[in-house]
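Novice: 3D, please:
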Amino acid sequence: MMRFKIAFRNILRNGRRSLMTGSAIAVGAMAIILFGEFVGFIVVGVQTGTVRNSGHLTVFHSGYMDFGSGNPSAYSIGDYQKVIRLIENDPELKAKINVVTPTASLFGIAGNFTIDTSKTFFAKGLVPMDRQRMGVWDEYRLGHDDSRSALAFSDKNPNHGVIGIGLARVLGLCKPLHIAHCPSPPEAKQAKPVEAPPLDLNLAELSARDRDGAPAGPEETAPRIDLLAATAEGAPNVVSFFVDEAQSQGFKDLDDNYVGMNLVLAQQLLYGRGEHKAVGIEIQLQRSEDLTAARARLETLFRDQGLDLEVRDFTELQPQYLQLVGFLGAIFSFIAIIMGVIVLFTIVNTMTMAVMERTNEIGTARAMGVRRGGIRDQFLLEGWMLGTIGATFGVILASLIAVSFNHLGVTYTPPGNVHPVPLQLLTHGVRGLLVSVWGGLMLTATIASVIPANRAARLRVVEALRHV
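Specialist: Model prediction:
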């Protein structure tokens with residue numbers, strides 16, 4: 001205890017220098033913690049958006065990841081309701097699962113033949129109620145949800161849905177959907193009539209036949225387009241699709257091709273009169289921590305039941321997530337190293353000055369019988385104390401700043417998002433970050449004191465006593 005008192009008094013002997021050193025350590029701790037909390041918020045925000053959109057895990061027919069994108073109907077899951085019941089009723093998975101929902105992905109040609117325009121599209125069929133439940137998943141308490149993006153879907157009107165703003169622009173739906181800053185397509189110049197390609201003729205004929213047989217109803221108030229796709233048997237199939245809303249998808253390629261529809265309509269278009277299957281079964285868990293255990297259990301369950309299915313997690317379906325995490329992690333490590341180097345040299349300079357100023361004292365202590373190890377330990381203790389005090393104040397100030405910043409209501413629009421979201425610093429679940437920064441800076445300060453402490457311990461008694 002006496003050594004701690006002496007070390008604390010030695011720190012206070014030159015209060016201004018000790019204050020500047022402690023402040024440098026505190027600023028370094030604040031910088032690392034605040035940026036770490038910002039990185040943490042970005043990572044959990046991206047993860048939350050991905051999990052809300054496609055769940056933690058997705059079950060596919062074996063081979064879908066390699067070949068299914070070119071022919072989704074050939075790699076679909078038959079009797080998918082049985083598979084869903086198998087997952088939901090499993091005793092090990094029941095407590096971990098939040099939503100289990102089937103989906104269907106397909107592609108084809110969308111046409112608006114009131115203006116003789118068509119465009120290729122990519123569609124995803126969803127169960128509206130399940131999609132809304134997935135949209136409110138908020139494990140990290142970010143305070144916002146994506147359930148509003150599913151409000152355009154309805155079980156009552158299965159042939160209604162949404163499209164991307166880019167697709168709406170190409171199909172000439174800017175005015176009917178009241179889309180701002182959306183130019184109408186230019187009028188075509190008069191030209192000699194030419195015979196249309198067979199595909200356009202077939203599509204127009206199929207859509208006209210479908211339109212003639214479609215009963216008039218209240219849904220006719222929404223803009224109508226016709227969607228053409230090939231069924232599992234290879235026959236062309238057309239359905240009527242009423243567009244309730246155009247939503248920006250954040251990426252131009254997706255925005256120019258996206259169609260969001262009810263699963264029932266997607267199955268009707270993809271499978272026709274055949275068995276209605278599911279291209280994938282998305283599983284959203286209560287907690288992301290259960291992902292590994294849930295995936296292992298699903299694989300065991302399918303293997304025991306003899307089902308030809310495979311399980312993929314969201315990091316495999318969205319590889320940019322891991323790329324983003326790695327990129328932000330590299331930046332965080334770079335900043336942490338820079339702050340550590342600054343603290344290192346600050347402590348070395350401070351402790352070196354202390355050794356020079358106290359050379360006579362060191363000689364006196366050595367003459368009174370204090371061993372070299374005692375001198376070394378005394379300076380190491382002072383460096384450790386400086387690091388501890390500075391890091392402690394840095395952690396406290398960083399926590400106060402983070403809480404204050406989160407109450408400012410700052411928003412931003414992250415890449416791939418359409419609507420602004422709150423910009424915050426992650427203040428919960430960061431105990432590991434706080435402890436790591438506090439311990440790391442304390443250790444750095446102690447290590448930085450080794451060189452000055454060794455120099456003090458190696459001083460000769462006679463030279464130290466006559467030092468002026």
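
Novice: Chain neighbours aside, what residue packs nearest to E37?
Specialist: Using C-beta to C-beta, 6 or more residues apart in numbering and skipping the chain neighbours, the partner closest in space to E37 is L425 (4.0 Å). Any C-beta I mention is one placed from the backbone N, CA and C, and that applies to glycine too.

Novice: quick check, the one you found in a strand?
Specialist: No. Membership of L425 in a strand is not supported by DSSP: H, G, I helix; E, B strand; the rest coil, which gives coil.

Novice: Model confidence for it, exactly?
Specialist: For L425, the model assigns a pLDDT of 92.

Novice: and if you look at G28?
Specialist: At G28, the pLDDT value in this model is 94.

Novice: In contact with it, which residues?
Specialist: 339-340, 342-343, 390, 394, 441 (C-beta atoms under 8 Å, 6 or more residues apart in numbering).

Novice: next one: L397
Specialist: 26, 30.

Novice: mean confidence score for the longest strand anywhere in the chain?
Specialist: The longest strand of the chain (DSSP state E) is strand 97-112. Per-residue pLDDT values over strand 97-112 give a mean of 93.

Novice: Helix or strand next in line after the worst-scoring helix or strand of the chain on mean pLDDT, which one?
Specialist: Of all helical and strand segments in the chain, the minimum by mean pLDDT, DSSP states H and E falls on helix 198-213, at a mean of 51. Sequence order places strand 224-230 as the next helix or strand after helix 198-213, per DSSP states H and E.

Novice: gap between that following strand and the chain center?
Specialist: Strand 224-230 sits 33 Å away from the centroid of its parent chain (C-alpha atoms, centre = their mean, to the nearest Å).

Novice: And for stretch 364-376?
Specialist: 57 Å.

Novice: what lines up beside the strand or helix carrying N237 in the sheet?
Specialist: Using DSSP H and E, the element containing N237 is strand 236-247. Strand 236-247 sits in its sheet next to strand 160-164 (parallel), strand 224-230 (antiparallel), going by DSSP bridges.

Novice: wait, D226 sits on G111?
Specialist: Yes. Proximity of D226 to G111 meets the contact threshold set by C-beta atoms under 8 Å, at 4.9 Å.

Novice: Ok, which of the strands paired with strand 236-247 comes nearest A330?
Specialist: Of all the strands paired with strand 236-247, strand 160-164 sits nearest to A330, with 33.0 Å by C-beta to C-beta.

Novice: And the contacts of the closest one?
Specialist: Defining contact as C-beta under 8 Å, 6+ apart, one finds that strand 160-164 is touched by 110, 121, 152-154, 171, 173, 219, 222, 225, 241-249, 254-262, 265.

Novice: do you know how far the spatially closest residue to I342 that is not a sequence neighbour is from T50?
Specialist: In space, and not counting its chain neighbours, I342 is closest to G28: 6.0 Å by C-beta to C-beta, 6+ apart. From G28 across to T50, the span is 33 Å (C-beta to C-beta, to the nearest Å).

Novice: And the next helix or strand past the top helix by length along the chain?
Specialist: Looking across the chain with DSSP state H, the single longest helix is helix 15-54. Moving toward the C-terminus from helix 15-54, the next helix or strand (DSSP H and E) is strand 57-61.

Novice: If anything else comes up later, I'll come back, but that's it for now.
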